[in-house]
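Colleague: Quick one: sequence plus predicted model below, questions after.
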Amino acid sequence: MELIWDGLREAVEALARGDDVLYSTAARSLYVSGLATLISLALGVLAGSFLALQRFRGRGLALAFVNTGMGLPPVVVGLVVAVLLWRSGPLGDLHLIYTVWAMVLAQAVLTFPIVTGFTAAALAAQPPELRLQLLGLGASRWQALWLLLKEARLPVLAAVMAAFGAAVSEVGASMMVGGNIAGETRVLTTAVVLETSRGEFAPAIALSIVLLVLVFVVNLVLTGVQLRGR
Amino acid sequence: MALRRSSGQAPKLELRDVIVRRAGVEVLRVGELGVETGEVLAVIGPNGAGKSTLLQVAALVLRPSQGEVLFDGAPVGVDTLATRRRLAIALQAPHLIHASVLENAALGLRLRGVAAAERRRRALDWLRRFGVEALAARPATRLSGGEAQRVSLARAFAVAPELLLLDEPFSGLDEATRGGLLDDLAGVLGETGVTTVFVTHDRNEALRLADRVAVLIGGRLRQVGLAAAVFGAPADEEVAAFVGVETIVDGRVVEVRDGLATVAVGGQHLTALAPDHLTERVRVCIRPEDVVIQTPREEAPASSARNLLLGTVVEVRPRGAEARVVIDCGPSTLRHGSGQASAGQGLSTSSGQGFRLVASVTRLSVEEMGLAPGARVAASIKATALHLLPGH
């Protein structure tokens, strides 16, 4: 019990005194995962819309792939991205391995199927005649898609929350492609792993609390947007 | 409603040799169908007949597997947006978006890039004409079914379409709401003269709104013509059954004189207007609303109806304020052909070799006349109400 109390006390103290390392790590987590979520949102919404609205051969297989991808193990993503970005790998010349960009890429790959799958399901849940109605009112294909997405904004926002949650909480891929370099690629999750492996539970608890608060605040904001749109 | 056909002008919309296949199965085949500028064409047919598919082709959102669609005589090309913006559609469900009633009514205008002030003015004007202006600020999700459908129609009219496509806009509404909205729509259609294709499975709606009627059954156009012609003289038995003919019986023409045919049906003789191409074997079609039921009396009443039949009620089926009365008409008539009724011919009993005649009466009449199985009645039908189709 003492271990936990000490950890909590130290966490509160670190938070209260505005510990630089703690806050900069949290900011990096927010930055990396936020950017990755935005990228997967842009690409995933397009891909999900395509899967939901177009009829083509192999659509069922594509949807099955996407649904499988929603449960993609972060270490597998980390491995693939690491191989791609490795100095002798196909994208090695970009020198991205062990940078935050490698982590953004890995998290975007990880969350892309989540946004795609949620978007496809959200659009498929809209009445099929709604698109006909919009086109019949003079909407261009893009205008119709935009209006359909606005109508489906609640589940699409849920996709954003799920994607951000998956990105900010994964550790395997970030560790593998970022390297957990202090002050450069260390994020909250990789820091927690490091501190715990050293037996430094107090900072690990402090970092975990910040991680939870971060996820909570982001979801609070998104939930607010969701409720306003009701 | 007057048909505003202008001679020599290409139809507003024309479908030529259109075939639509889904998963290799043909669901629609239309040889030629034109909608003249200013006319209201009702497309009627049972569920699954291909009506909505036809409407999607007309709305240029479904490209036919074969054939072409012409707008003002010009084939519609690959990029349909400019042409699509000359039409508007209102469907069975109003499909309002999550926004205010006013924003919904202005949606088509917003999609066309009309300035805010102008689209507000036009949307409010159409909301007023459909009696829902007071709801303008309300979220569209908080409307009754009837109100939402009024907003949907206002939204379609607000873009001042050259072609209006309506897909069963009343079928989700209760009877009272439907009646009021039907009246308002009829008024607006008459006022604007907008070319309209109106899909419905309700014959009464078609009769109320349409200049011409196209009957679609099993994906094929079976008959196109003036509403009165299609309803009064259906092209075949399926069309007849769909347009409300409930009595279709075999007959044999025994005499044709003065444009009137005498047809032997179930041991009785009926008088009908003789069609141009009359075959000996015919199918006699009678609509239930064309049959008048009377209490049989010793002497047949003076009437212009050429056919007066005696029969026994075998079934009474209530239908809202109305009832269908099924009468077994025996092999005798009080009156047919030329001349007035003769008392000597009247009131003979039937021997059960007659035919079944379906009549439509009010529930009130059922009560007052004591119409119940076993009751003896006389049924009169005008010769002009009998429609003869070629028999088998």
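Modeller: Okay, I see it.
Colleague: Give me the buried positions along the top helix by length along chain B.
Modeller: Secondary structure assigned by DSSP state H gives helix B:175-192 as the longest helix of chain B. For helix B:175-192, a neighbour-count test (16 or more other CB atoms under 10 Å in any protein chain shown) marks B:177-178, B:181-182, B:185, B:188-189 as buried. Backbone N, C-alpha and C define where each C-beta goes, glycine included.
Colleague: elements contacting it?
Modeller: helix B:145-158, helix B:203-209 (3 or more CB pairs under 8 Å, 6 or more residues apart in numbering or on different chains; DSSP states H and E).
Colleague: Helix or strand next in line after that helix, which one?
Modeller: Reading on from helix B:175-192 to the C-terminus, the next helix or strand found by DSSP states H and E is strand B:195-200.
Colleague: need the next SSE after the helix-or-strand element of chain B with minimal mean pLDDT, C-terminal direction.
Modeller: Within chain B, no helix or strand scores below strand B:322-335, which has a mean of 77 by mean pLDDT, DSSP states H and E. For strand B:322-335, the succeeding helix or strand toward the C-terminus, using DSSP H and E, is strand B:355-362.
Colleague: Spatially central residue in chain B, please.
Modeller: residue B:203 (2.7 Å; CA atoms, centre = their mean).
Colleague: tally of neighbours for the residue in chain A positioned nearest to chain B?
Modeller: Per CB to the nearest CB, residue A:136 is where chain A lies closest to chain B, at 2.9 Å. Around residue A:136 there are 28 other residues, counting by other CB atoms under 10 Å in any protein chain shown.
Colleague: that older thread, who are the contact partners of the residue nearest to the centre of chain B?
Modeller: B:44, B:231, B:242-244 (CB atoms under 8 Å, 6 or more residues apart in numbering or on different chains).
Colleague: How much space separates it from residue B:227?
Modeller: 9 Å (CB to CB, to the nearest Å).
Colleague: repeat for residue B:220
Modeller: 20 Å.
Colleague: what do you get for residue B:180?
Modeller: 22 Å.
Colleague: Buried residues, the helix or strand where residue A:210 lies. List them.
Modeller: Using DSSP H and E, the element containing residue A:210 is helix A:201-228. Going by neighbour count (16+ other CB under 10 Å), the buried part of helix A:201-228 is A:201-211, A:214-215, A:218-219, A:226.
Colleague: Which parts of stretch B:71-88 count as buried, going by neighbours?
Modeller: So, applying 16+ other CB under 10 Å, buried residues of stretch B:71-88: B:71-72, B:76, B:80, B:83-88.
Colleague: Helices along the stretch 201-350 of chain B, start to end?
Modeller: B:203-209, B:227-232, B:237-242 (DSSP state H, counting those that start in this stretch).
Colleague: Kindly reformat those helices as JSON lines containing mean pLDDT.
Modeller: Below are these laid out as JSON lines (pLDDT from 0 to 100):
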{"stretch": "helix B:203-209", "mean pLDDT": "86"}
{"stretch": "helix B:227-232", "mean pLDDT": "84"}
{"stretch": "helix B:237-242", "mean pLDDT": "88"}
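Colleague: Make CSV from those and add distance to residue B:277 to it.
Modeller: CSV is the format used below for the helices of the stretch 201-350 of chain B (distance: least, CB to CB, whole Å):
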stretch, distance to residue B:277
helix B:203-209, 26
helix B:227-232, 16
helix B:237-242, 16
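Colleague: Determine the number of other residues adjacent to residue B:23.
Modeller: Neighbour number of residue B:23 under other CB under 10 Å is 5.
Colleague: Quickly note the distance from it to residue B:64.
Modeller: From residue B:23 to residue B:64 the distance is 15 Å (CB to CB).
Colleague: picking up where we left off before, okay, the helices and strands packed on helix B:175-192, which one's buried deepest?
Modeller: helix B:145-158 (a mean of 25; mean count of other CB atoms under 10 Å in any protein chain shown).
Colleague: just the angle between the least confident helix or strand in chain A by mean pLDDT and helix A:201-228, please?
Modeller: With mean pLDDT, DSSP H and E as the measure, the helix or strand of chain A carrying the lowest mean pLDDT is helix A:2-16 (a mean of 81). Calculated by axes from the mean of the first three to the mean of the last three CA atoms, to 10 degrees, helix A:2-16 forms an angle of 60 degrees with helix A:201-228.
Colleague: just checking, what packs against the very next helix or strand once past helix A:2-16?
Modeller: Scanning forward in sequence from helix A:2-16 by DSSP H and E, the next helix or strand is helix A:20-53. The elements that helix A:20-53 packs onto, with contact taken as 3+ CB pairs under 8 Å, 6+ apart, are helix A:59-69, helix A:100-124, helix A:141-151, helix A:153-169, helix A:188-197, helix A:201-228.
Colleague: Tell me which residues are up against the fifth one.
Modeller: Taking CB under 8 Å, 6+ apart as the criterion, the residues outside helix A:188-197 that touch it are A:25-26, A:29, A:168-171, A:174-175, A:178, A:180, A:186, A:201, A:203-204, A:207-208, A:210-211, A:214.
Colleague: quick revisit: got a markdown table for the helices and strands packed on helix B:175-192, with distance to residue B:17 too?
Modeller: Output for those, formatted as a markdown table (distance: least, CB to CB, whole Å):
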| stretch | distance to residue B:17 |
| --- | --- |
| helix B:145-158 | 29 |
| helix B:203-209 | 25 |
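Colleague: tell me which parts of chain A are close to chain B?
Modeller: Taking CB under 8 Å from any CB of the partner chain, the part of chain A that reaches chain B is made up of A:127, A:129-130, A:132-140, A:143, A:147, A:150-151, A:229.
Colleague: again, only this time at 6 Å
Modeller: Proximity of chain A to chain B (CB under 6 Å from any CB of the partner chain) is limited to residues A:129-130, A:132-133, A:135-140, A:143, A:151.
Colleague: Just the buried ones from the residues you listed?
Modeller: A:129-130, A:132-133, A:135-139, A:143, A:151.
Colleague: where does chain A have low pLDDT?
Modeller: A:229-230 (pLDDT under 70).
Colleague: list the contacts for the residue in chain B positioned nearest to chain A?
Modeller: The nearest approach of chain B to chain A comes at residue B:89, 2.9 Å away (CB to the nearest CB). Residues in contact with residue B:89, defined by CB atoms under 6 Å, 6 or more residues apart in numbering or on different chains, are A:136, B:59, B:165.
Colleague: Assign a three-state SS to the residue nearest to the first one when sequence neighbours are not counted, would you?
Modeller: This points to residue A:136. Distance criterion CB to CB, 6 or more residues apart in numbering or on different chains; nearest residue to residue A:136, sequence neighbours excluded, is residue B:89 at 2.9 Å. What DSSP: H, G, I helix; E, B strand; the rest coil gives for residue B:89 is strand.
Colleague: Against residue A:74, how distant is residue A:65?
Modeller: Residue A:65 is 18 Å from residue A:74, by CB to CB.
Colleague: of these two, who's got more company?
Modeller: residue A:74 (22 against 14).
Colleague: so the more buried one makes contact with residue A:170?
Modeller: Yes. In this structure, residue A:74 is within contact of residue A:170 by CB atoms under 6 Å, at 4.0 Å.
Colleague: returning to that earlier point: nearest to residue B:294, of the contacts of residue B:203?
Modeller: Each of the contacts of residue B:203 was scored against residue B:294 by CB to CB, and residue B:244 proved nearest at 22.2 Å.
Colleague: for that closest one, phi and psi?
Modeller: phi 100, psi 10 (degrees, to the nearest 10).
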